[in-house]
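Student: sequence first, then the predicted structure:
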Amino acid sequence: KSSNILQVDAKDKLSDQMVELFDACQQKTSDLERKEACRARLQKDIQSIYAVARLYLTGSSMNGLGCRSSDADLCLVLKGNKRTDPIHVLSVLKRFFKSLLYVEMTQLIRAKVPILKFKEKDSDLEFDLNINNTVGIRNTFLLRSYAYADLRIRPMILVVKKWARHHQINDASKGTLSSYTLVLMVLHYLQTLKEPVLPSLQRDYPDCFYPFMDIDMVPEGPKRVPPYISRNQSPLGELLLGFLKYYATDFRWDKQVISVREAKALPKDNSVTWRNKYISVEEPFERNNVARAVHEKIKFDAIKAEFAQSWRILQDKKDLNSILPVGAII
Ligand code: ATP
Ligand code: MG
């Protein structure tokens, strides 16, 4: 019953269920083609205002960790443009998009990284566009390399994202975990197992993930990364249980910083980046806490409680439905 795309040899029910869910939810080639067509059209139209602008697809559409329903994250790169205040550029684009017949529902969000939200007309395809947040391009291609380093990574992460969404702990705008944070948490767990499933790609292939690489070259870097062959051949179900257990019992939230860059937990120092933060997850290309949205104790406690409860239930039932009912997903 194993998928034609995914040749994971799942021998137990829980692992089979994870592969099945992955097959049902993962982004299809046609989904990506639609996003890419829209990106190309937008880039061409935007170049009528900003001649040197380049538009990049980022996030789960590109990193191999998307589902059919994932939005399309876009980064507009304006090089050498004097007026690159993102709010200004996004306001100009907001007005301009009103003249484009294939765009609707344009909304400017003044967050730390300001974005323009919009939809493709008469479809359910949603976009989030930022200006010059090029770290998102770099980390998208780093994540993509991790996603394809081992066949278990994509199903593992997709199930964790669905699980977190179902339990309402996957919404940074509501003080819980962004999808990006969850992905780094899964990678960290897989990097720090006694027999690791993943290495640090930044450490092993520094030339492919050089933080100051010209942005046009970034998508090419990962093409030179060979797949990682791990001695750890644990089935998916065991990895999912281990992941829940790690964050329910082993990880020291108050003392440790998750570093995918170094493939280990770093001791929390007293700098403003980590001080008084409930959850500390280092952005692999900058010294930033990607989990800073979790700033209320009540949300932090809810997150920890979901790890503990799901671990307990899954350990007992060994059935994915017990923590992620089939009817509630996709
Ligand atoms: P989903 O499928 O739920 O949309 P996603 O993988 O697109 O998940 P998001 O959390 O929506 O994840 O983030 C989209 C992209 O934006 C990430 O892949 C990353 O490139 C970038 N990003 C998000 N948060 C941060 C952050 N705190 N620092 C740097 N880059 C970030
Ligand atoms: Mg996204």
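Tutor: Here it is on my side, so go on. Numbers count the residues shown, from 1 in each chain. Ligands and ions are numbered 1, 2, ... in the order given.

Student: show me what from the chain comes close to ligand 1.
Tutor: Counting by Cβ under 6 Å from any ligand atom, the residues of the chain close to ligand 1 are 58-60, 63, 65-66, 70-71, 73, 135-136, 139-140, 178-180, 283, 290. Heads up, the C-betas are built off the backbone N, CA and C, glycines and all.

Student: for ligand 2, tell me which of those show up nearby.
Tutor: Among the residues of the chain next to ligand 1, the residues lying close to ligand 2 (Cβ under 5 Å from the ion) are 59, 60, 71, 73.

Student: in strands, which of those residues fall?
Tutor: By the criterion of DSSP state E, membership of those in strands covers residue 73.

Student: give me the buried entries from the residues of the chain next to ligand 1.
Tutor: Buried by 16 or more other Cβ atoms under 10 Å: 58-60, 63, 65-66, 70-71, 73, 135-136, 139-140, 178-180, 283, 290, out of those.

Student: can you flag which of those belong to helices?
Tutor: Members of those lying in helices (criterion: DSSP state H): 135, 136, 139, 140, 179, 180.

Student: and the next helix or strand past the helix or strand hosting residue 16?
Tutor: Per DSSP states H and E: residue 16 is located in helix 13-25. Downstream of helix 13-25, the next assigned helix or strand under DSSP H and E is helix 29-46.

Student: and the contacts of that following helix?
Tutor: Residues from elsewhere that reach helix 29-46, judged by Cβ atoms under 8 Å, 6 or more residues apart in numbering: 53-57, 61, 66, 68, 72, 74, 76, 93, 96, 100, 102-103, 120, 123, 125, 127.

Student: same check on stretch 77-91?
Tutor: Outside stretch 77-91, the residues that reach it (Cβ under 8 Å, 6+ apart) are 50, 52-56, 76, 108, 110, 113-116, 129-132, 134, 137, 215.

Student: gap between the residue in the stretch 201-330 of the chain that ligand 2 sits nearest to and residue 261?
Tutor: Proximity of the stretch 201-330 of the chain to ligand 2 (Cβ to the ion) peaks at residue 290, 13.7 Å away. Per Cβ to Cβ, to the nearest Å, residue 290 is found 12 Å from residue 261.

Student: also residue 319?
Tutor: 36 Å.

Student: who has more neighbours, these two?
Tutor: residue 261 (21 against 14; other Cβ atoms under 10 Å).

Student: which non-adjacent residue is nearest the more buried one?
Tutor: residue 284 (4.5 Å; Cβ to Cβ, 6 or more residues apart in numbering).
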